[in-house]
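Visitor: Pasting the sequence and the predicted coordinates here, then a few questions.
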Amino acid sequence: MTVRLRAHHLLCMLTYVGKGYTAEFCTNYDGIVARLTRGEDILIVTGPDDVCAPLLSTEAPHCHNDSVLVRDAQAAAAASDLLGATVAPGFRLTLDPATLTRFRSAFAAGTSRIACGGCEWSSLCDSIAGSGFEGTRLLNP
């Protein structure tokens, strides 16, 4: 199977520790990181993805906001720099240990976090990156 992710969720998954918008959101995210840990590949998509799914039935989900599309574009550019390939809708990626380490190193150094500006979870992610990603649920595949 394939996990469908919008580009900025490539960054969010690095610091996911089981906190989120709702219990349903967290249960869904737990399943996604378990699939990624087992080695399922990622398909980059435009708009709402597998992470967004539980929020789509709420009133006015932020998944459709222009600011999220900007965040996706910024994250895609950062991921492209890290991977040396153009990350855009249709791009496929498997998170092997080396790639996950490269993403986390850049995140901790702040070099891939332009998409995180203004995010409500930014301070939590700062703390998690500062702790060496302790407690994160995405493990090396």
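Guide: Cool, the structure landed.
Visitor: Please make it C-alpha for all contacts and neighbour counts, starting now.
Guide: Noted.
Visitor: For the chain, which segments are assigned as helices?
Guide: If DSSP state H is used as the criterion, the helices of the chain fall at 9-12, 23-37, 66-83, 97-109, 122-130.
Visitor: In JSON lines, list those helices along with distance to T46.
Guide: Shown next, in JSON lines, are these (distance: least, C-alpha to C-alpha, whole Å):
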{"stretch": "helix 9-12", "distance to T46": "11"}
{"stretch": "helix 23-37", "distance to T46": "18"}
{"stretch": "helix 66-83", "distance to T46": "8"}
{"stretch": "helix 97-109", "distance to T46": "21"}
{"stretch": "helix 122-130", "distance to T46": "22"}
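Visitor: who wins for proximity to G47 among those helices?
Guide: helix 66-83 (7.2 Å; C-alpha to C-alpha).
Visitor: what packs against that closest one?
Guide: Helices and strands touching helix 66-83, by 3 or more C-alpha pairs under 8 Å, 6 or more residues apart in numbering; DSSP states H and E, are helix 9-12, helix 97-109.
Visitor: quick one, what contacts V17?
Guide: 135-137 (C-alpha atoms under 8 Å, 6 or more residues apart in numbering).
Visitor: for L139, same thing?
Guide: The contact partners of L139, by C-alpha under 8 Å, 6+ apart, come to T37.
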